[in-house]
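>>> My questions are about this predicted structure, shown below with the sequence.
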Amino acid sequence: MYAVVTLQDSDEVMVVPLDWLSLDKKQCYWPPFKSTEKCMEAVQKIFKPETGGKPWEKLNISFHRDYVTFNKAKEGQKEIQEQKVRSYLLATGFPGIKRQRLESTQEMLKHPVSPGSTSRMSADDKDELFQMLRDIKSTVQENSAMLRKLLKDNTVSEAPSSTSTASKDIKTNIKLPLRTFEDVARTERELNNATTRQKYVQYLSRIGGFGQKDVIKNIMQQVLSDDLAIQFNWQGRGDKKPFSKLLLTDVIRDAASKQSVMRVDCETEIKNYLWGIADRIGRKRPKDCGGVTSPTLLDSSFQSEIGMPFFED
């Protein structure tokens, strides 16, 4: 049997095997495969949720309903996606959408849409709706980012000259990006002080970007060098260290929230950033240099400095 769920971190509606769900249906195993085709195969063939004897990561979900067959579940997935699109379009007022597409969508929404009629929509019509939703989200994020920048620039222009001096003082006291585990340990000690922590939040919250992905990418590049970032992942799986357990991660969340990036979205973008760092390093370095440097292990002195062990979940 299969179930249709919404992944809370990404708000995606997905079909998954019912066996992958927790008993309370609030979490679901999710395959670690990069390939979409491989993930689809794992769902259809109901793979055992583990790789090499290690269980897959569990994601928080919202459960919708279960189905006897995969095809029935796919139909249910489409209906729920269409409902979400209609709700979002009605709630947002269609900002930034081309007039022709807006008029066609408004005409569609004049008439009640039953599940039976939506199933008769062509694939092109459905693709159009989903693309419209993506455009709306992108436009809202870009407009919000530009508005924040305008407000920030206006505030700076009206503020006394001591403001810029204070900003320089904050930067002087903050030594970023971090390049070694010793740098991380030092920063973790500093962040135990509430005043210092607030300085970090204030500094990082001023790093701009268009949309939540851009904001988090710019903050992460400011916080960690690539050679250090590659030695972390979110939960510390394999030989990587758990970024989620650092005080610095809470600082990044607080800074991102000041740019209207929600906590779950912040965590998702950090995970994506750490996941893709190897590819970015590989693209930046010549092939004859041997590619990416291999991670070094976190020594015991660093663990004792930050007051907690790093372990695999």
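Cool, the structure landed. Numbers count the residues shown, from 1 in each chain.

>>> For T268, grab the count of nearby residues.
21 (other CB atoms under 10 Å). For every residue, glycine as well, the C-beta is placed using N, CA and C.

>>> which ones are touching it?
9-10 (CB atoms under 8 Å, 6 or more residues apart in numbering).

>>> What residues sit buried inside the one helix or strand it maps to?
Per DSSP states H and E: T268 is located in helix 263-284. Using 16 or more other CB atoms under 10 Å as the test for burial, helix 263-284 gives 265-274, 277, 280-281.

>>> Low-confidence regions, this structure specifically.
For the chain, applying pLDDT under 70 flags the ranges 88-128, 134-135, 137-139, 141-146, 148-172, 283-313.

>>> repeat that for 80
Along the chain, segments meeting pLDDT under 80 span 9-11, 34-36, 84-173, 208, 280-313.

>>> For the stretch 101-250 of the chain, which segments count as strands?
232-233, 241-242 (DSSP state E, counting those that start in this stretch).

>>> Present those as TSV; the columns should include mean neighbour count.
Converted to TSV, the strands of the stretch 101-250 of the chain look like this (neighbours: other CB atoms under 10 Å):
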stretch	mean neighbour count
strand 232-233	22
strand 241-242	22
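
>>> Save the ones you listed as CSV, and put in distance to E57 too.
Formatted as CSV, those follow (distance: least, CB to CB, whole Å):
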stretch, distance to E57
strand 232-233, 10
strand 241-242, 12
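
>>> which stretches of the stretch 101-250 of the chain form helices?
115-118, 123-158, 162-173, 181-190, 194-205, 212-223, 226-229, 247-257 (DSSP state H, counting those that start in this stretch).

>>> ok, the nearest residue to L204 once chain neighbours are set aside - contacts?
Using CB to CB, 6 or more residues apart in numbering and skipping the chain neighbours, the partner closest in space to L204 is A255 (3.6 Å). Residues in contact with A255 (CB under 8 Å, 6+ apart) are 200-205, 207, 219.

>>> most surrounded residue in these?
Going by other CB under 10 Å, I219 tops the contacts of A255 with 26 neighbours.

>>> distance of that one from C266?
9 Å (CB to CB, to the nearest Å).

>>> How about L178?
18 Å.

>>> Equivalent analysis for T51, please.
For T51 relative to C266 (CB to CB), the value is 27 Å.

>>> same question, K245
16 Å.

>>> What of Q222?
15 Å.

>>> shared neighbours of I219 and C266, which are they?
By CB under 8 Å, 6+ apart, the residues touching both I219 and C266 are 252, 256.

>>> what comes up buried for the longest strand seen in the chain?
Longest strand in the chain by number of residues (criterion: DSSP state E): strand 57-67. With burial defined by 16+ other CB under 10 Å, the residues of strand 57-67 counted as buried are 57-59, 61, 63-64, 66-67.

>>> In TSV, list the residues you listed along with distance to D9.
As requested, those are arranged in TSV below (distance: CB to CB, whole Å):
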residue	distance to D9
E57	11
K58	12
L59	6
I61	9
F63	15
H64	17
D66	22
Y67	23
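
>>> what's the closest of those residues to S87?
H64 (14.1 Å; CB to CB).

>>> if I read this right, that closest one contacts Q81, doesn't it?
No: H64 is not in contact with Q81 according to CB atoms under 8 Å; the separation is 10.8 Å.

>>> So for those two, which residues contact both of them?
V13.

>>> Is it possible to get CSV of the contacts of A255 that adds distance to S35?
Formatted as CSV, those follow (distance: CB to CB, whole Å):
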residue, distance to S35
Y200, 38
V201, 38
Q202, 41
Y203, 39
L204, 34
S205, 36
I207, 33
I219, 29
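
>>> Max pairwise distance over those residues: which two?
Applying CB to CB across these, the maximum distance is between Q202 and I219, 12.8 Å.

>>> Check the secondary structure at E75 for me.
helix (DSSP: H, G, I helix; E, B strand; the rest coil).

>>> Share the number of residues neighbouring it, please.
E75: 16 neighbours (other CB under 10 Å).

>>> State the distance from it to V68.
E75 is 12 Å from V68, by CB to CB.

>>> same deal with L246?
45 Å.

>>> out of the two, which sits in the more crowded spot?
Set L246 next to V68 and count neighbours by other CB under 10 Å: L246 wins out with 19 against 10.

>>> Near the spatially closest residue to that one that is not a sequence neighbour, how many other residues are there?
In this structure, L246 finds its nearest non-sequential neighbour in E188, 6.5 Å apart by CB to CB, 6+ apart. Using other CB under 10 Å, E188 is surrounded by 18 other residues.
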